[in-house]
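S.K.: Structure here, sequence nowhere to be found:
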C-alpha cells in the first residue's frame, strides 16, 4: 500500500505511517499559498480507485507515482493561488455519492462520478471538512455540510474543529486530519487532545474501526491521507 501525505506533518506521524505502507511525502512550491501547498486533498481526488491529479502537480511527484506503478488521470483545472482554484479537487467521493460545491468541481471528477448522486454543499473545501466512513456515515467540522447531508437522511456527526492545528490559520478541520483504509481510522494526532473525542470514538467503535493515532499531540490538519492499493 502507498500513502500520500503532506511532507510537513510531524515526523513521528510519518514514521508510524511507514509501518502500514510506503509513505509518499508530498510538497509543492510556487503553486498555491504555503498553508495548503502540501495538502494532498488540494491536488488529488480518489474516485472509486481512480486517482485524479491536478495537471500542475509537480513533475517529481508524477514521476514518483509512475515509478510506484500508481495509475492516475489528469484533471482539467490547475490548482491556483486563490479560491476557487484551490478547491476544485477537494471533493468527497463514496460508493454512492459525490459531495462537493458542484459549481467548482473539476470536470474530470464529475465525469468519473456520473453514476453517483451528486450532493451540492456550499463549503468547497469539502474533503477538508468531511470524513466519509462506511455505511453512509460521516464526520464533519462544517455546519453547512452537516445540514446538507442531514437533509439526505445520512448519519452525520458534527464536531467543533477549534483545537485542530493548521499552521497559518486559527484552526484546521477534522477531515484534513484523518483518513481511512478498510477498517482502520488514521488520525494525525491523539484523540485524547480533542474536545469531542468521546463522540468520535463511540461512532468509530460502532462501525468497527480500529483507531490508529499517528503521534501524541493535537490533531493536525495535513490535508487528509490518501491510501492507494
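M.R.: Right, received. Where do you want to start? Keep in mind it's a predicted model, so treat the numbers as computed, not measured. Residues are numbered from 1 along each chain as shown.
S.K.: Can you give me the end-to-end span of stretch 122-141?
M.R.: 13 Å (CA to CA, to the nearest Å).
S.K.: Could I get the buried residue list for that stretch?
M.R.: Residues of stretch 122-141 classed as buried by neighbour count (16 or more other CB atoms under 10 Å): 123-133, 136-141. For every residue, glycine as well, the C-beta is placed using N, CA and C.
S.K.: repeat for stretch 149-162
M.R.: Neighbour-count burial for stretch 149-162, counted by 16+ other CB under 10 Å, picks out 149, 154, 156-159, 161.
S.K.: and if you look at stretch 10-22?
M.R.: Neighbour-count burial for stretch 10-22, with 16+ other CB under 10 Å as criterion, is recorded at 10, 13-14, 16-17.
S.K.: can you list contacts of that stretch?
M.R.: Applying CB atoms under 8 Å, 6 or more residues apart in numbering, the contact partners of stretch 10-22 are 1-3, 5, 7, 23, 25, 68, 181, 184, 186, 188-189, 212, 214-217, 220, 225, 227.
S.K.: 10 Å instead?
M.R.: By CB atoms under 10 Å, 6 or more residues apart in numbering, the residues outside stretch 10-22 that reach it are 1-3, 5-9, 23, 25, 68, 165, 179, 181, 184, 186-189, 212-217, 220, 222, 225, 227-229.
S.K.: Now a ChimeraX select for only the buried ones of those.
M.R.: A single ChimeraX command selects the buried members of the contacts of stretch 10-22 (16+ other CB under 10 Å):
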select :2,3,5,6,8,9,23,25,165,179,181,186,187,188,189,212,213,214,215,217,220,222,225,227,228
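S.K.: Okay, and which of the contacts of stretch 10-22 map to strands?
M.R.: Of the positions in these, 2-3, 5-6, 23, 25, 179, 181, 184, 186-187, 212-213, 227-228 sit in strands, assigned by DSSP state E.
S.K.: Of these, which is the nearest to residue 82?
M.R.: Nearest to residue 82 among the ones in strands among the contacts of stretch 10-22: residue 6, at 20.3 Å, using CB to CB.
S.K.: Just list whatever residues bridge to that closest one.
M.R.: Assessed by DSSP bridges, residue 6 has beta-bridge partners residue 26.
S.K.: quick one: it from residue 101, how far?
M.R.: Distance, residue 6 to residue 101, by CB to CB, to the nearest Å: 22 Å.
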